[in-house]
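> sequence-free structure coming up:
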């Protein structure tokens, strides 16, 4: 093995197993796909019944799956009417396990859209913070906070 | 464990193992890299001999690896002549195992290019649907269908 | 199993385990996050003490963690002063294990920024080549070379 020294750092601590990481990658790929495919009911079902969707820069927090679903249906109808292809990319997934068996995740997300006959517009980058709880052998979102880039922070 | 309820949904069903997921991520990273690096022969070798490349919005289906290879070589020559760096990003991989041992995958893909001395242009988003068959301990593409965003659907 | 033939190719050789792949995905997600979050000290700690950061198109090679750290701090101060949200996306990770227990990785990377109150600008694509060495049960970067797209190659 190569001998080397490195400064003490956070790099060797707190990674999750490949099983969990691949599971969450698939969870997010499918969850985002449901929203992008205009299937708001299935998308909302990936939240707990008391789930919260919080995107401070854009709207008041949605509290409970019913509110999340109503908002998602409205959005899906609007996009269908506008004949707009909308895509959410998530990447750079980081997972922090919690002592109570839940998970805190952070992902980067890119939002992009293409109008019929038009050009791709990659128009927003956000950081997504999820609190995931175990449900039926998989995970559901209890809390999602979305911080858009380009917005003033508390410490500005 | 946290007690919670969640609506029945597709979220807990049908994820593949971490082994398979990581294998496919590597398969796609390398496959796209071969195309972007201007190595059409190795890229075409990731298709079966009867492989089909179908991108309805752009060209007639390419049937068979020979046709796929000829098209890829032409494209590589053109890009080299134009001195254009072309990149394909794939992400949001979703895998569905089939009863016959094959796989159906769905990925999002971004196409981007940078001319010599010029600026990056992220110009197209597509959804890639692959049918993968097992070959020599890995996978090969038997059928690829690429649906570009911004194109009218049958149901429009 | 499906019977098929495929041309001999590089596709079945040299993939790493799911454990290693997921570990490296988490390593990169966290490493890039540290830089984007303005934490240059922790970011620099992911390099070895003799680490080299080489981005030929932009600056002279930074040799040693101290030089890397000094440059990173300068950059973090500048971005904070400009109130600019900067993001690095890495994807398409390919890993080559070396006989001496080290790793060579190749990733695609997108650089993007959003000024306060402004619009997202996805402005550069690069290819990142890392030499990783094992440290404390994880990995550290001994050498990073970043090749920007759109720059003349030696063979042009």
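Cool, got the structure. Keep in mind the model is a prediction, meaning the values are calculated, not measured.
> from now on I want contacts and neighbour counts done on CA atoms only, so please keep to that.
OK.
> tell me the contacts of the residue nearest the centre of chain A?
The geometric centre of chain A, computed from its C-alpha atoms, lies nearest to residue A:128 (C-alpha atoms, centre = their mean), at 5.1 Å. Residue A:128 makes contact with A:105-109, A:144-147 under the criterion C-alpha atoms under 8 Å, 6 or more residues apart in numbering or on different chains.
> now the phi/psi pair for the nearest residue to it once chain neighbours are set aside, please.
The shortest distance from residue A:128 to any non-neighbouring residue, by C-alpha to C-alpha, 6 or more residues apart in numbering or on different chains, is to residue A:146 (4.6 Å). Recorded main-chain torsions at residue A:146 are phi -120, psi 120, according to degrees, to the nearest 10.
> and residue A:146, how far from residue C:143?
Distance of residue A:146 to residue C:143, given as C-alpha to C-alpha, to the nearest Å: 34 Å.
> what's the answer for residue A:44, then?
44 Å.
> more neighbours: which of these two?
Each of residue A:44 and residue C:143 had its neighbours counted (other C-alpha atoms under 10 Å in any protein chain shown), and the higher figure belongs to residue A:44 (29 against 21).
> so the nearest residue to the more buried one once chain neighbours are set aside, which state does it fall into?
Once its chain neighbours are removed from consideration, residue A:44 has its nearest residue in residue A:69; the separation is 5.2 Å (C-alpha to C-alpha, 6+ apart). Under the three-state scheme (DSSP: H, G, I helix; E, B strand; the rest coil), the conformation of residue A:69 reads as helix.
> all strands of chain A, in order?
A:47-54, A:62-63, A:84-97, A:103-115, A:121-135, A:138-148 (DSSP state E).
> in JSON lines, list those along with mean pLDDT.
Output for the strands of chain A, formatted as JSON lines (pLDDT from 0 to 100):
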{"stretch": "strand A:47-54", "mean pLDDT": "98"}
{"stretch": "strand A:62-63", "mean pLDDT": "98"}
{"stretch": "strand A:84-97", "mean pLDDT": "97"}
{"stretch": "strand A:103-115", "mean pLDDT": "98"}
{"stretch": "strand A:121-135", "mean pLDDT": "97"}
{"stretch": "strand A:138-148", "mean pLDDT": "97"}
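> now these in CSV, with distance to residue B:135?
Listed next are these as CSV, based on distance: least, C-alpha to C-alpha, whole Å:
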stretch, distance to residue B:135
strand A:47-54, 39
strand A:62-63, 48
strand A:84-97, 29
strand A:103-115, 34
strand A:121-135, 36
strand A:138-148, 31
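> among these, which is nearest residue C:124?
When these are ranked by distance to residue C:124, counting by C-alpha to C-alpha, first place goes to strand A:121-135 at 13.5 Å.
> quick one, that closest one and strand C:121-135 angle?
Between the axes of strand A:121-135 and strand C:121-135, defined by axes from the mean of the first three to the mean of the last three C-alpha atoms, to 10 degrees, the angle is 50 degrees.
> contacting residues for the nearest residue to residue A:35 once chain neighbours are set aside?
Closest residue to residue A:35 in three dimensions, ignoring its sequence neighbours and counting by C-alpha to C-alpha, 6+ apart: residue A:43, at 5.8 Å. Applying C-alpha under 8 Å, 6+ apart, we find residue A:43 in contact with A:31-32, A:34-35, A:69.
> tell me the spacing between residue A:43 and residue A:94.
22 Å.
> buried residues, stretch A:72-89. List them.
Taking 16 or more other C-alpha atoms under 10 Å in any protein chain shown as the basis for neighbour counts, the residues of stretch A:72-89 that come out buried are A:72-73, A:76, A:79, A:83-89.
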